[in-house]
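> Sequence and predicted structure are below.
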Amino acid sequence: MSSTITFTMHHWDRMIDTRTTKVLGALLVAMTVGALLLMAMESQPPRPSNEILASIRSSAAVGGVVASSRWRRIVVNSSLGGADTLPGRSHFVISAKPDATGWQVKPTNLWRQQRAGHHIYVAGRDFNSDSIGVCLIGDFSTNSPGSQQFEALLGLIRSLQLKCGIRAENIYLASELTASAKPGLAFPVGEFNSRLGR
């Protein structure tokens, strides 16, 4: 009887060892296959959208400057650049493409020093003393701004609204204030208005 019990227990131990080995082997194979599938599915980490990146960069462009309480409006204009002095007379310049460092929105010394700009002339009204001038670089008479430039503009305006308490009804395109067609006939006015809640 004792030999029967010994044989049965020995057989049982071998059976448990075999079963444990098989289960652990199957678990290891399943984990390896699962890890490989996950790695294959995620070839790149998720990247923030252009809109989010533009908002982050625009907020940084507004920067740590303590904004004057004078700012009541934002006026969007455009310039071809070159010899045109409008970019230097505005508070912010938004280029068509990011520079080598990834920045597209550049504050000028007028913003850094919180001085009035000279970016718009409206007969009988002084918009320069209390409006922030934003100058887009490009010709928008036949082509609209690229998506990066447009998102940078929207991000900048939202950042300025938060920093300076400017309401949507006080955001203007230069063409709404003067006989100028700027920022241009191809500028997406409808999308601009809807995205800013104007």
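Yep, it's here. Keep in mind that this is a model prediction, so the values were computed, not measured. Numbers count the residues shown, from 1 in each chain.
> Which strands and helices lie in contact with the strand or helix carrying Leu136?
If you go by DSSP states H and E, Leu136 is part of strand 131-137. Counting contacts by 3 or more Cβ pairs under 8 Å, 6 or more residues apart in numbering; DSSP states H and E, strand 131-137 is packed against strand 73-79, helix 86-89, strand 92-94, helix 147-164. Bear in mind the C-beta positions are built from the backbone N, C-alpha and C, glycine included.
> highest average neighbour count across those?
Highest mean neighbour count among the helices and strands packed on strand 131-137 (mean count of other Cβ atoms under 10 Å): strand 92-94, with a mean of 26.
> Just checking: what are the partner strands of that one?
strand 105-107 (antiparallel), strand 131-137 (parallel) (DSSP bridges).
> so can I have a markdown table of those strands showing mean pLDDT, mean neighbour count and distance to Arg70?
Listed next are the strands paired with strand 92-94 as a markdown table, based on pLDDT from 0 to 100; neighbours: other Cβ atoms under 10 Å; distance: least, Cβ to Cβ, whole Å:
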| stretch | mean pLDDT | mean neighbour count | distance to Arg70 |
| --- | --- | --- | --- |
| strand 105-107 | 93 | 18 | 16 |
| strand 131-137 | 97 | 26 | 9 |
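> do you know which of the ones you listed lies nearest Lys182?
strand 131-137 (8.7 Å; Cβ to Cβ).
> can you give me the angle that closest one makes with strand 73-79?
20 degrees (axes from the mean of the first three to the mean of the last three Cα atoms, to 10 degrees).
> Compute the inter-axis angle for strand 131-137 and helix 147-164.
Going by the same axes, to 10 degrees, strand 131-137 makes 170 degrees with helix 147-164.
> OK, contacts around Pro183?
If you count contacts by Cβ atoms under 8 Å, 6 or more residues apart in numbering, Pro183 has them with Val76, Asn77, Ser78, Leu136, Phe140, Pro145, Leu173, Ala174, Ser175.
> Look up how far Thr18 lies from the closest residue in space to it that isn't next to it in sequence.
Using Cβ to Cβ, 6 or more residues apart in numbering and skipping residues adjacent in sequence, the residue nearest Pro183 is Ser78, 3.8 Å away. Per Cβ to Cβ, to the nearest Å, Ser78 is found 78 Å from Thr18.
> Likewise for Ser68?
Taking Cβ to Cβ, one finds Ser68 at 81 Å from Thr18.
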